[in-house]
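# For reference, the sequence and a predicted model appear below.
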Amino acid sequence: MARSDSALTRFLLKSDKFARPHEESGTNSLAGGFCSLSTYFLLAIYLAFYVASHLNASFPTVTSIVVFPQKTSSDIVKLPPVTCMAESGCWYKPTKAGETDRRRLTRRWLNEGDAPDNDGQNPPPNNDGQNPPDNNDGQNPPNNNDGQNPPNNNDGQNPPNNNDGQNPPNNNNPPENGDDNVVDASADNACYYLAQGEVIPEEHRRIVHDSDPIDSFTAVWGDTQNFGLSYDVTTVTKAGLTLETETIMGRKSLTEPFEGAVFQVYKGETLFSLVKTVGVAGDEVDTWTNTVMGEDGTPDAQQNTCCHAETTKNPNTGATYTESEYILFTGPGTSRCDDGANDGVYQVKIRPFPTYSLEEVQNPLEPLTLWAALAGEVVGEKLGAFLKDGAWSVREATCLALAKLAEKAVLGRKLVDLLSAAFLHTTADYKYAKIRLAGFAIIKALLERAKELIIVYFEQWEKKAKRGLQDNDTGVTALASAALMKMARM
């Protein structure tokens, strides 16, 4: 049957991509040309479907484990909004972070009252018989000695000058007997007070991981209730071009009605865990949850600054409180913390988990990712067809293309099946070493990227790789040996 010699006919015949390359140049047909041209149309439809489906669904994420920031880290992580639920209000001391706001205080200073207002280089100014006076009347050691001379009297009113942990050091260094008798305090050593229903300000919610529990975020409340704080929990409901979130607000009191989940802080010790989600645009969402690690809410009367603070501060206005309802201090060396649960006073220490989960959202609509997806679904099958037919140069180029596809494409079961079949087919080509080399490059990429999807092929691949060890091409034997070692480790 004679063919029409119209321009359309010639165009379709020229466009036939299904004709056998290099051989039998007359095998091209009108049907082949029509099918070849329709591929571009179908590819455009698939592209539109791919984009639309991903816009309406959550993007994929990559999860990694990150060490929680330390005190000196430049990364700043903050707790969620924390609300005081206690009727008495809440006293708290923020986490101490950074090198500039640390100073060493002896436990004895805290026993006697609040920390001194000076720079920590001299003992408290009071002269109640527990500290030597400034005069040098012979009853006390001179102030300019080096700590080597004992006191002149031994009436028990003045402590010796040795550094046994009962007296503050004369310089800004910790006592030589170790850290058992010292605590850290911030530069202002302030205790902050919140009324019921108020939220801790953002600048006080920084949290770091530290081995010293004294540096933990600490809060105290004066009501006989196990839960004194609540906090907001924000979760990511959809990760697309932007992060869509939902927030559960913390309760303002235990009597406030609620529906569904509620997130509260129990007395004792609490461990906060973080999941940080980073969107494609760089926006971040922190999702916090807590776990109770200890139920003993007895206040640490010696080391908790708020227990012996004679004044407290309003964190929002900076106002100073001295009234009894705003402080826990009850007199020199005493406080409501001393009686603890008997007076209805509880404490909680909040510490972060040493690591946190980082969820990074991947954009499947980026040009390279989009091309990889299209190659995996459409182009891969057409390239694989050339492995069974065509000139040796076409088969070599096809193998190299498939190897690159294995390195870059979004791997799924269908594409892995195709690439595995391509490897098994190329190892049977004993005529061209370049084709065998390209075949081993395919499984090299798969072994590095798709462990869960390729276990079922190990037996077949192992046989081919062992045969490759006997190949007359040194490049093939090297790749075969590397593949066998990789499979043995997996």
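Here it is on my side, so go on.

# Roughly how far does residue 418 sit from residue 476?
As judged by CB to CB, to the nearest Å, residue 418 and residue 476 stand 22 Å apart. C-beta here means a position set from N, CA and C on the backbone, and glycine is covered the same way.

# Among those two, which residue is more densely surrounded?
Neighbour count, other CB atoms under 10 Å: between residue 418 and residue 476, residue 476 has more, with 22 against 19.

# that's a helix at that one, yeah?
Yes. The assignment for residue 476 is a helix, going by DSSP: H, G, I helix; E, B strand; the rest coil.

# Please verify my assumption that it contacts residue 465.
No. Residue 476 is beyond contact range of residue 465, at 10.0 Å (criterion: CB atoms under 8 Å).

# Give me the common contacts of those two.
residue 440 (CB atoms under 8 Å, 6 or more residues apart in numbering).

# counting contacts, what elements does the helix or strand hosting residue 403 pack onto?
Here residue 403, judged by DSSP states H and E, is contained in helix 392-408. Helices and strands touching helix 392-408, by 3 or more CB pairs under 8 Å, 6 or more residues apart in numbering; DSSP states H and E, are helix 380-385, helix 413-426, helix 433-449.

# any chance of those helices in JSON lines, plus mean pLDDT and distance to residue 7?
Shown next, in JSON lines, are these (pLDDT from 0 to 100; distance: least, CB to CB, whole Å):
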{"stretch": "helix 380-385", "mean pLDDT": "50", "distance to residue 7": "27"}
{"stretch": "helix 413-426", "mean pLDDT": "79", "distance to residue 7": "37"}
{"stretch": "helix 433-449", "mean pLDDT": "82", "distance to residue 7": "39"}
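
# And the helices in this structure?
7-15, 30-55, 107-112, 367-374, 380-385, 392-408, 413-426, 433-449, 451-454, 458-468, 474-489 (DSSP state H).

# now those in CSV, with distance to residue 317?
Shown next, in CSV, are the helices of the chain (distance: least, CB to CB, whole Å):
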stretch, distance to residue 317
helix 7-15, 78
helix 30-55, 47
helix 107-112, 27
helix 367-374, 51
helix 380-385, 66
helix 392-408, 58
helix 413-426, 62
helix 433-449, 57
helix 451-454, 57
helix 458-468, 68
helix 474-489, 63
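
# mean pLDDT lowest for which of those?
Note on those: helix 107-112 shows the lowest mean pLDDT, a mean of 39.

# Put the alpha carbons of stretch 197-216 into PDB.
Extracted in PDB, the C-alpha atoms of stretch 197-216 (Å, rounded to 0.1, in the frame of the first residue of the first chain):
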ATOM      1  CA  GLY A 197      -3.200  33.500  84.400                       C
ATOM      2  CA  GLU A 198      -0.100  35.400  83.400                       C
ATOM      3  CA  VAL A 199       2.400  34.100  80.800                       C
ATOM      4  CA  ILE A 200       6.200  34.000  81.200                       C
ATOM      5  CA  PRO A 201       7.700  36.500  78.700                       C
ATOM      6  CA  GLU A 202       9.500  35.200  75.700                       C
ATOM      7  CA  GLU A 203      12.900  36.600  76.700                       C
ATOM      8  CA  HIS A 204      12.800  34.400  79.900                       C
ATOM      9  CA  ARG A 205      11.800  31.200  78.000                       C
ATOM     10  CA  ARG A 206      15.300  30.300  76.600                       C
ATOM     11  CA  ILE A 207      16.300  26.800  77.500                       C
ATOM     12  CA  VAL A 208      19.600  25.000  77.100                       C
ATOM     13  CA  HIS A 209      21.000  21.600  77.900                       C
ATOM     14  CA  ASP A 210      23.400  21.500  80.800                       C
ATOM     15  CA  SER A 211      24.700  18.700  83.000                       C
ATOM     16  CA  ASP A 212      24.300  20.800  86.100                       C
ATOM     17  CA  PRO A 213      20.700  20.600  87.400                       C
ATOM     18  CA  ILE A 214      21.100  23.800  89.400                       C
ATOM     19  CA  ASP A 215      21.000  25.700  86.100                       C
ATOM     20  CA  SER A 216      17.500  24.400  85.200                       C
END
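
# So what sits opposite residue 218 in the bridge?
Residue 218 forms beta bridges with residue 93, residue 349, as assigned by DSSP bridges.
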